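> prediction below, plus the sequence it came from.
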Amino acid sequence: NAGVMQNPRHLVRRRGQEARLRCSPMKGHSHVYWYRQLPEEGLKFMVYLQKENIIDESGMPKERFSAEFPKEGPSILRIQQVVRGDSAAYFCASSPDRSTYEQYFGPGTRLTVT
Amino acid sequence: LAKTTQPISMDSYEGQEVNITCSHNNIATNDYITWYQQFPSQGPRFIIQGYKTKVTNEVASLFIPADRKSSTLSLPRVSLSDTAVYYCLVGVNSGGYQKVTFGTGTKLQVIP
(Lines give C-alpha, C1' and ligand atoms only; values in the text may rest on other atoms or scores of the structure.)
Protein backbone atom coordinates (compact mmCIF):
# COMPACT_ATOMS: atom_id res chain seq x y z
CA ASN A 1 0.00 0.00 0.00
CA ALA A 2 1.74 3.12 -1.23
CA GLY A 3 2.00 6.01 1.18
CA VAL A 4 0.99 9.60 0.60
CA MET A 5 2.64 10.91 -2.55
CA GLN A 6 3.55 14.50 -3.16
CA ASN A 7 5.04 16.07 -6.23
CA PRO A 8 7.13 17.77 -7.08
CA ARG A 9 9.49 17.27 -4.14
CA HIS A 10 11.27 20.52 -4.93
CA LEU A 11 9.84 23.48 -6.78
CA VAL A 12 11.55 26.74 -7.68
CA ARG A 13 9.48 29.68 -8.81
CA ARG A 14 10.25 33.31 -9.52
CA ARG A 15 8.25 35.98 -7.78
CA GLY A 16 4.90 36.45 -9.50
CA GLN A 17 4.68 32.95 -10.93
CA GLU A 18 2.19 30.28 -9.95
CA ALA A 19 3.01 27.20 -7.91
CA ARG A 20 0.96 24.00 -8.08
CA LEU A 21 1.57 21.33 -5.49
CA ARG A 22 0.02 17.89 -5.83
CA CYS A 23 -0.91 15.33 -3.24
CA SER A 24 -2.17 11.80 -3.79
CA PRO A 25 -3.56 10.37 -0.56
CA MET A 26 -3.12 6.81 0.58
CA LYS A 27 -5.37 4.29 -1.10
CA GLY A 28 -8.77 4.31 0.52
CA HIS A 29 -8.28 7.72 2.15
CA SER A 30 -10.74 10.42 1.17
CA HIS A 31 -9.62 13.10 3.63
CA VAL A 32 -6.70 15.39 2.88
CA TYR A 33 -4.98 18.05 4.98
CA TRP A 34 -2.39 20.60 3.90
CA TYR A 35 0.22 22.10 6.23
CA ARG A 36 2.99 24.64 5.80
CA GLN A 37 6.29 24.52 7.64
CA LEU A 38 8.70 27.42 7.74
CA PRO A 39 12.36 26.70 8.61
CA GLU A 40 12.86 25.82 12.29
CA GLU A 41 9.13 26.05 12.95
CA GLY A 42 6.29 23.59 13.49
CA LEU A 43 3.63 22.72 10.96
CA LYS A 44 0.79 25.16 10.50
CA PHE A 45 -2.60 23.82 9.41
CA MET A 46 -3.85 25.33 6.18
CA VAL A 47 -6.85 23.45 4.86
CA TYR A 48 -8.85 20.24 5.23
CA LEU A 49 -10.63 18.73 2.25
CA GLN A 50 -12.77 15.78 1.43
CA LYS A 51 -13.50 14.66 -2.08
CA GLU A 52 -14.97 17.67 -3.90
CA ASN A 53 -15.45 19.62 -0.66
CA ILE A 54 -13.48 22.10 1.39
CA ILE A 55 -14.29 21.37 5.02
CA ASP A 56 -12.05 23.85 6.81
CA GLU A 57 -9.84 26.48 5.22
CA SER A 58 -9.32 28.57 8.32
CA GLY A 59 -5.54 28.33 8.00
CA MET A 60 -5.35 29.45 4.39
CA PRO A 61 -4.20 32.98 3.57
CA LYS A 62 -7.16 34.94 2.23
CA GLU A 63 -5.52 35.79 -1.06
CA ARG A 64 -3.49 33.91 -3.67
CA PHE A 65 -3.94 30.47 -2.06
CA SER A 66 -6.52 27.90 -3.07
CA ALA A 67 -6.97 24.16 -2.70
CA GLU A 68 -9.08 21.50 -4.30
CA PHE A 69 -9.61 17.77 -4.08
CA PRO A 70 -11.53 16.66 -7.17
CA LYS A 71 -13.52 13.48 -7.51
CA GLU A 72 -10.75 12.03 -9.63
CA GLY A 73 -7.08 12.82 -9.29
CA PRO A 74 -4.84 14.32 -6.66
CA SER A 75 -5.47 17.21 -4.31
CA ILE A 76 -3.92 20.44 -5.54
CA LEU A 77 -2.64 23.37 -3.51
CA ARG A 78 -2.30 26.39 -5.76
CA ILE A 79 -0.38 29.54 -4.94
CA GLN A 80 -0.77 32.39 -7.37
CA GLN A 81 1.72 35.24 -7.78
CA VAL A 82 4.20 33.73 -5.34
CA VAL A 83 6.28 35.96 -3.08
CA ARG A 84 9.50 35.19 -1.20
CA GLY A 85 7.54 34.67 2.01
CA ASP A 86 5.82 31.67 0.43
CA SER A 87 9.11 29.76 0.50
CA ALA A 88 8.49 26.83 2.82
CA ALA A 89 7.89 23.10 2.98
CA TYR A 90 4.30 22.15 2.22
CA PHE A 91 3.10 18.86 3.62
CA CYS A 92 0.01 16.93 2.76
CA ALA A 93 -1.56 14.33 5.05
CA SER A 94 -4.45 11.94 4.57
CA SER A 95 -6.75 9.92 6.76
CA PRO A 96 -9.44 7.33 6.06
CA ASP A 97 -12.22 9.19 7.83
CA ARG A 98 -12.91 12.42 9.62
CA SER A 99 -12.81 10.99 13.09
CA THR A 100 -9.40 9.42 13.02
CA TYR A 101 -6.68 11.08 15.03
CA GLU A 102 -3.91 9.57 12.97
CA GLN A 103 -2.84 11.33 9.83
CA TYR A 104 -0.39 9.94 7.32
CA PHE A 105 2.01 12.50 5.94
CA GLY A 106 3.70 12.75 2.59
CA PRO A 107 7.37 13.69 2.11
CA GLY A 108 6.52 17.33 1.42
CA THR A 109 7.19 19.80 -1.37
CA ARG A 110 9.90 22.34 -0.79
CA LEU A 111 8.99 25.57 -2.52
CA THR A 112 11.69 28.14 -3.11
CA VAL A 113 10.73 31.54 -4.46
CA THR A 114 13.57 33.48 -6.03
CA LEU B 1 -7.82 25.50 21.07
CA ALA B 2 -5.80 23.43 23.48
CA LYS B 3 -2.24 24.77 23.50
CA THR B 4 0.70 22.50 24.17
CA THR B 5 4.03 23.33 25.79
CA GLN B 6 7.08 21.11 25.51
CA PRO B 7 10.83 21.61 25.89
CA ILE B 8 12.54 23.08 22.87
CA SER B 9 15.38 20.59 22.89
CA MET B 10 16.86 17.61 24.73
CA ASP B 11 20.09 15.66 24.54
CA SER B 12 20.49 12.01 25.44
CA TYR B 13 23.16 9.34 25.17
CA GLU B 14 22.56 6.21 23.19
CA GLY B 15 20.95 3.42 25.15
CA GLN B 16 19.25 5.70 27.64
CA GLU B 17 15.53 6.08 28.19
CA VAL B 18 14.20 9.46 27.13
CA ASN B 19 11.11 11.07 28.59
CA ILE B 20 9.59 14.11 26.89
CA THR B 21 6.83 15.88 28.80
CA CYS B 22 4.12 17.99 27.24
CA SER B 23 1.75 20.34 29.08
CA HIS B 24 -1.79 20.85 27.81
CA ASN B 25 -3.72 22.58 30.57
CA ASN B 26 -6.76 23.39 28.45
CA ILE B 27 -7.36 19.91 27.09
CA ALA B 28 -11.02 19.23 26.40
CA THR B 29 -12.95 16.19 27.48
CA ASN B 30 -13.06 14.63 24.03
CA ASP B 31 -9.48 15.42 23.04
CA TYR B 32 -6.90 12.73 22.49
CA ILE B 33 -3.16 13.24 22.87
CA THR B 34 -1.03 12.29 19.90
CA TRP B 35 2.71 12.28 19.36
CA TYR B 36 4.47 12.55 16.01
CA GLN B 37 8.12 12.21 15.03
CA GLN B 38 9.73 14.20 12.24
CA PHE B 39 13.13 13.60 10.68
CA PRO B 40 14.82 16.36 8.68
CA SER B 41 13.35 16.81 5.21
CA GLN B 42 10.54 14.35 5.89
CA GLY B 43 6.91 14.54 6.85
CA PRO B 44 5.86 13.78 10.43
CA ARG B 45 5.20 10.18 11.36
CA PHE B 46 2.61 9.04 13.88
CA ILE B 47 4.15 7.45 16.99
CA ILE B 48 1.46 6.94 19.58
CA GLN B 49 -1.88 8.19 20.79
CA GLY B 50 -3.73 8.01 24.08
CA TYR B 51 -6.62 9.34 26.09
CA LYS B 52 -5.74 8.45 29.66
CA THR B 53 -3.45 6.27 31.82
CA LYS B 54 -0.81 4.42 29.84
CA VAL B 55 -0.46 3.29 26.26
CA THR B 56 2.42 1.23 24.91
CA ASN B 57 3.34 0.10 21.43
CA GLU B 58 6.46 -1.29 19.80
CA VAL B 59 8.02 2.16 19.56
CA ALA B 60 7.13 4.10 22.70
CA SER B 61 5.00 4.47 25.79
CA LEU B 62 2.68 7.32 26.62
CA PHE B 63 1.85 8.20 30.21
CA ILE B 64 -1.15 10.39 30.94
CA PRO B 65 -2.05 11.34 34.54
CA ALA B 66 -5.61 11.39 35.77
CA ASP B 67 -6.08 15.13 35.25
CA ARG B 68 -4.81 14.83 31.64
CA LYS B 69 -3.16 18.24 31.84
CA SER B 70 0.15 16.77 30.78
CA SER B 71 1.56 13.70 29.09
CA THR B 72 4.96 12.05 28.85
CA LEU B 73 6.35 10.27 25.82
CA SER B 74 8.87 7.62 26.82
CA LEU B 75 11.39 6.24 24.33
CA PRO B 76 13.23 3.19 25.68
CA ARG B 77 16.95 2.79 24.92
CA VAL B 78 17.29 5.44 22.25
CA SER B 79 19.65 5.06 19.32
CA LEU B 80 21.20 7.62 17.00
CA SER B 81 18.35 7.08 14.56
CA ASP B 82 15.90 8.47 17.13
CA THR B 83 17.40 11.94 16.62
CA ALA B 84 14.38 13.90 15.42
CA VAL B 85 11.78 16.48 16.39
CA TYR B 86 8.92 15.16 18.49
CA TYR B 87 5.56 16.91 18.45
CA CYS B 88 2.86 16.66 21.06
CA LEU B 89 -0.60 17.34 19.68
CA VAL B 90 -3.95 17.70 21.32
CA GLY B 91 -6.87 17.16 19.03
CA VAL B 92 -9.62 19.72 18.74
CA ASN B 93 -13.02 18.31 18.07
CA SER B 94 -14.14 20.96 15.65
CA GLY B 95 -17.21 20.10 13.65
CA GLY B 96 -16.64 16.42 14.25
CA TYR B 97 -13.21 16.14 12.71
CA GLN B 98 -9.67 16.05 13.96
CA LYS B 99 -8.07 19.44 13.48
CA VAL B 100 -4.60 19.19 14.90
CA THR B 101 -2.21 21.95 15.81
CA PHE B 102 1.52 21.37 15.75
CA GLY B 103 3.72 23.35 18.11
CA THR B 104 7.44 23.81 17.62
CA GLY B 105 8.17 20.38 19.04
CA THR B 106 11.11 19.02 21.01
CA LYS B 107 14.35 18.52 19.16
CA LEU B 108 15.94 15.34 20.51
CA GLN B 109 19.64 14.87 19.85
CA VAL B 110 20.99 11.41 20.62
CA ILE B 111 24.71 11.41 21.33
CA PRO B 112 26.98 8.41 20.73
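Yep, that arrived.

> OK, contacts around residue 18?
Just so you know, I chose chain A. A:78-82 (C-beta atoms under 8 Å, 6 or more residues apart in numbering or on different chains). Yep, even glycine has a C-beta here, placed from its N, CA and C like the rest.

> I was after chain B.
Residue B:18 neighbours (C-beta under 8 Å, 6+ apart): B:10, B:12, B:74-75, B:78, B:82, B:108.

> is the helix or strand residue B:55 falls within positioned near chain A?
Assessed by DSSP states H and E, residue B:55 sits inside strand B:53-56. No - counting by C-beta under 8 Å from any C-beta of the partner chain, chain A is not contacted by strand B:53-56; separation bottoms out at 12.3 Å.

> what packs against that strand?
Applying 3 or more C-beta pairs under 8 Å, 6 or more residues apart in numbering or on different chains; DSSP states H and E, one finds that strand B:53-56 contacts strand B:61-64.

> name the residues of the strand holding residue B:55 that come out as buried.
Under the neighbour-count criterion of 16 or more other C-beta atoms under 10 Å in any protein chain shown, strand B:53-56 has residue B:55 buried.

> and residue A:53, bridged to which residues?
Beta-bridge partners for residue A:53, by DSSP bridges, are residue A:50.

> how far is the strand holding residue B:55 from where the chain is centred?
13 Å (C-alpha atoms, centre = their mean, to the nearest Å).

> in space, what's closest to residue 51 - neighbours in sequence excluded?
Just so you know, I chose chain A. Nearest non-adjacent residue to residue A:51, counting by C-beta to C-beta, 6 or more residues apart in numbering or on different chains: residue A:30, 5.1 Å away.

> if you could check chain B rather than the one you did, that'd help
Once flanking residues are discounted, residue B:51 sits nearest to residue B:32: 5.4 Å by C-beta to C-beta, 6+ apart.

> please apply the same query to residue A:45.
That would be residue A:59: by C-beta to C-beta, 6+ apart, it lies 4.3 Å from residue A:45.

> and for the one you found, the neighbour number?
Residue A:59 has 17 neighbours, counted by other C-beta atoms under 10 Å in any protein chain shown.

> in chain B, which helix or strand is least confident?
strand B:92-94 (a mean of 55; mean pLDDT, DSSP states H and E).

> and the contacts of the host helix or strand of residue A:89?
Here residue A:89, judged by DSSP H and E, is contained in strand A:88-95. Under the contact criterion C-beta under 8 Å, 6+ apart, strand A:88-95 has outside partners A:4, A:6, A:21, A:23, A:25-26, A:29, A:31-39, A:43, A:75, A:77, A:102-106, A:108-111, B:43-44, B:98.

> sheet partners, orientation included, of it?
strand A:31-37 (antiparallel), strand A:104-105 (antiparallel), strand A:109-113 (antiparallel).

> make TSV out of the ones you listed and add mean neighbour count, distance to residue A:13 and mean pLDDT.
Formatted as TSV, the strands paired with strand A:88-95 follow (neighbours: other C-beta atoms under 10 Å in any protein chain shown; distance: least, C-beta to C-beta, whole Å; pLDDT from 0 to 100):
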stretch	mean neighbour count	distance to residue A:13	mean pLDDT
strand A:31-37	24	15	94
strand A:104-105	21	23	92
strand A:109-113	18	5	97
